[in-house]
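Undergrad: After the sequence you'll find the predicted model.
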Amino acid sequence: MIITNNPLVRSTYENAHGVLFVEGNYRDVLVQVRDLVHRRHHLITHPMMGSLKPNETPYRSVIVSDDPQKNVDVDSVLIIEEAILVFDRFIKTARSDRGTGSTEKMKEDFREIDLSLLGSALNK
């Protein structure tokens, strides 16, 4: 299942994969993923894959297991909790020209980057 706030990811994958679209920002996606991990879904992709810093891009897509598993995956819990902490540290140095303050052209580029990272993960 793909958790995303990227409309390009939603439109590209909604018919091929389960997509949970988050009306919100990067952190909102991480929180939704955390909630699913606590309900026994396992992380399939790292919540901070790629080299973009959390204060640079407004979009994030993460893949988790489709169905709850038998047990909570401790590694998934630790990874998503740490990702939220990292996001919170980076957002303190938010850049007015990046993230939600990006120009529409930059947001388009960030949507494409997020889509490409996700596509790479799905093609493995």
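TA: Yep, it's here. Residues are numbered from 1 along each chain as shown.

Undergrad: List the contacts of the residue lying closest to Glu81 once chain neighbours are set aside.
TA: In space, and not counting its chain neighbours, Glu81 is closest to Arg34: 6.7 Å by C-beta to C-beta, 6 or more residues apart in numbering. For glycine as for every other residue, the C-beta is placed from the backbone atoms N, C-alpha and C. Counting by C-beta atoms under 8 Å, 6 or more residues apart in numbering, Arg34 touches 80-81, 84.

Undergrad: Can you tell me which of those residues end up in helices?
TA: 80-81, 84 (DSSP state H).

Undergrad: just the buried members of those?
TA: 80, 84 (16 or more other C-beta atoms under 10 Å).

Undergrad: burial measure for Ile44, as a count.
TA: For Ile44, the neighbour count with other C-beta atoms under 10 Å is 16.

Undergrad: Excluding chain neighbours, give the residue nearest to it in space.
TA: Ile63 (4.0 Å).

Undergrad: That neighbour should be in a helix, yeah?
TA: No: using DSSP: H, G, I helix; E, B strand; the rest coil, the assignment for Ile63 is strand, not a helix.

Undergrad: Now the residue with the largest distance to the centre of the chain: which helix or strand?
TA: In the chain, the greatest distance from the average C-alpha position (C-alpha atoms, centre = their mean) is reached by Lys70, at 23.7 Å. Lys70 is part of no helix or strand when elements are defined by DSSP states H and E.

Undergrad: and what of the one 5 residues further on?
TA: Assignment of secondary structure by DSSP H and E places Asp75 within helix 74-91.

Undergrad: Okay, buried residues for that helix please.
TA: Buried, per 16+ other C-beta under 10 Å, within helix 74-91: 76, 79-80, 83-84, 87, 90.

Undergrad: ok so, going back, next, format the ones in helices among the contacts of Arg34 as CSV and append distance to Asn5 and pLDDT.
TA: Listed next are the ones in helices among the contacts of Arg34 as CSV, based on distance: C-beta to C-beta, whole Å; pLDDT from 0 to 100:
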residue, distance to Asn5, pLDDT
Ile80, 16, 98
Glu81, 19, 98
Ile84, 15, 97
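
Undergrad: Can I get the ones in helices among the contacts of Arg34 in CSV including distance to Met48?
TA: What follows is the ones in helices among the contacts of Arg34, written out as CSV (distance: C-beta to C-beta, whole Å):
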residue, distance to Met48
Ile80, 10
Glu81, 12
Ile84, 10
